[in-house]
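> Next input, structure requested:
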Amino acid sequence: MRQVIIYPGEDGYWVAECPSLPGCISQGITKNEALNNIKEAIVLYTETLTEDGHSVPEDKLELVTV
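The predicted structure is shown next:
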């Protein structure tokens with residue numbers, strides 16, 4: 001499981017990104033579509049890291065509202 005940030009993009013799509021996996025970003029027309037797309041992106045991202053012999057970073061995100 002990974003923590004994900006989701007927010008409305010400038011183009012009207014929802015953007016979802018996984019901060020613990022740099023560059024792992026996806027989007028969708030709806031929040032649910034964006035979440036489903038980022039789940040798939042996370043799986044592919046971590047599989048690629050493993051296949052290339054790299055370690056998968058831990059998810060150490062701490063959310064703080066200021």
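> Can you pull up the most central residue in the protein?
What sits nearest the mean C-alpha location of the chain, by C-alpha atoms, centre = their mean, is residue 18, with 2.9 Å.
> Now do the contacts for the closest residue to that one other than its chain neighbours.
Leaving aside its sequence neighbours, residue 18 sits nearest to residue 24 (C-beta to C-beta, 6 or more residues apart in numbering; 4.3 Å). In short, each C-beta sits where N, CA and C put it, glycine included. When contacts are counted by C-beta atoms under 8 Å, 6 or more residues apart in numbering, residue 24 touches 17-18, 38, 41-42, 45.
> Dump those residues to CSV, plus secondary structure.
Putting the contacts of residue 24 into CSV (DSSP: H, G, I helix; E, B strand; the rest coil) gives the following:
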residue, secondary structure
17, strand
18, coil
38, helix
41, helix
42, helix
45, helix
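> which of those residues has the most neighbours?
Going through the contacts of residue 24 with other C-beta atoms under 10 Å as the criterion, the one with the most neighbours is residue 38, at 26 neighbours.
> Can you give me the separation between that residue and residue 3?
The span separating residue 38 from residue 3 equals 11 Å under the rule C-beta to C-beta, to the nearest Å.
> Need the overlap of contacts for these two.
Here residue 38 and residue 3 have residue 18 as joint contacts, going by C-beta under 8 Å, 6+ apart.
> quick one: low-confidence parts of this structure?
Counting by pLDDT under 70, the chain shows no low-confidence range.
> Apply 90 and report the result again.
With pLDDT under 90 as the threshold, the chain has low-confidence stretches at 1, 60-65.
> Tell me which stretches of the protein form helices.
With DSSP state H as the criterion, the chain has helices at 31-51.
> Verify the contact between residue 61 and residue 4 for me.
No: using C-beta atoms under 8 Å, residue 61 is not in contact with residue 4, being 9.1 Å away.
> more neighbours, these two?
residue 4 (22 against 12).
> Please report how far that one lies from residue 51.
The spacing between residue 4 and residue 51, counted by C-beta to C-beta, is 23 Å.
> Next: residue 33.
Between residue 33 and residue 51 the distance is 27 Å, computed by C-beta to C-beta.
> who's more crowded, those two?
Comparing residue 33 with residue 51 by neighbour count (other C-beta under 10 Å), the higher total belongs to residue 33, at 15 against 8.
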